[in-house]
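>>> pasting the sequence and the predicted model now:
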Amino acid sequence: GVAPKRVKYGMASTTTGRLTVKSGPQILTLPAVARKYIQPSNGGSLYMSDLRSLEPRIAAYVAGKAIGEDFYRDIQAAIGTSLPRKVIKLAILSSMYGASKKTVAKEVGADANQLVNRVRDYLDIVSVTRSLTSELMQFGHIKNMFGRPVFSGDVSSTTLYSHFIQSSANDLALSAF
């Protein structure tokens, strides 16, 4: 048979330290349905780990919120809405990463602004970004939850928040291994 192409990873090409594929198959962005076709070589074992809703869970932790088994349903109850789970998930990710409210509006209509604002309030995003902006102005960088400096070329509050959450999630995930 054909020898499998080895994957080489890098951590230095992103601000947050997330793994990227430097060469080889793009395994990090492989659709879930295709993962079952990956076979270890030389009789080895292959393990996969999924840290469910890691970034939103970190956002809730930073905001001092209790984190239950089904994170999205917990927020759904906390903000008092009966919208479907997939809409809540979309609103959370839009709130955290500054995605267009138009995307949320396609799912919930005119109430999109209110929903995103309620999620932002629940996760205390304004307060966290204010603190990150102050830290950036004082030190020239922010630090993630683990104290690792994160240097961002973009100083918008949305980007600072995103880099803080993603770099913290990255370091937590790496510590799990």
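Received, thanks.

>>> only C-alpha atoms from now on, for both contacts and neighbour counts.
OK.

>>> so where does residue 9 fall, helix or strand?
strand 8-10 (DSSP states H and E).

>>> in a strand, residue 68, correct?
No - checked against DSSP: H, G, I helix; E, B strand; the rest coil, residue 68 lies outside a strand; its state is coil.

>>> can you name the residues that contact it?
For residue 68, the contact set (C-alpha atoms under 8 Å, 6 or more residues apart in numbering) comprises residue 74.

>>> where do the helices sit along this protein?
Ranges of helices in the chain, per DSSP state H, are 54-62, 71-78, 85-97, 101-108, 112-122, 125-139, 157-176.

>>> these: lowest mean pLDDT?
Mean pLDDT values for these show the minimum at helix 101-108, a mean of 80.

>>> what's the burial count for the residue lying closest to residue 79 once chain neighbours are set aside?
In space, residue 79 comes closest to residue 118 once its chain neighbours are excluded; the distance is 6.5 Å by C-alpha to C-alpha, 6 or more residues apart in numbering. Applying other C-alpha atoms under 10 Å, we find 19 residues neighbouring residue 118.

>>> again with residue 142
24.

>>> next: residue 28.
10.

>>> what's in contact with stretch 14-23?
6-11, 13, 27-28, 150-152, 163-164, 166-167, 170.

>>> report the central residue of the protein.
When C-alpha atoms, centre = their mean is applied to the chain, the residue found nearest the centroid is residue 55 (3.6 Å).

>>> measure residue 57 to residue 168 for me?
According to C-alpha to C-alpha, to the nearest Å, residue 57 and residue 168 sit 11 Å apart.

>>> actually residue 161, sorry about that
Distance, residue 161 to residue 168, using C-alpha to C-alpha: 11 Å.

>>> which residues touch residue 57?
Contacts of residue 57 (C-alpha under 8 Å, 6+ apart): 67, 71.

>>> roughly how far apart are residue 72 and residue 166?
According to C-alpha to C-alpha, residue 72 and residue 166 sit 18 Å apart.

>>> again with residue 50
In terms of C-alpha to C-alpha, residue 50 sits 15 Å off from residue 166.

>>> who has more neighbours out of those two?
A count of neighbours by other C-alpha under 10 Å puts residue 166 above the other of residue 50 and residue 166, at 22 against 7.

>>> my read: that one touches residue 55, true?
Yes - using C-alpha atoms under 8 Å, residue 166 makes contact with residue 55 at a distance of 6.5 Å.

>>> any of the contacts of stretch 14-23 buried? List them.
150-152, 163-164, 166-167, 170 (16 or more other C-alpha atoms under 10 Å).

>>> redo those residues as a markdown table? Include distance to residue 102.
Shown next, in a markdown table, are these (distance: C-alpha to C-alpha, whole Å):
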| residue | distance to residue 102 |
| --- | --- |
| 150 | 30 |
| 151 | 30 |
| 152 | 27 |
| 163 | 23 |
| 164 | 25 |
| 166 | 23 |
| 167 | 27 |
| 170 | 29 |
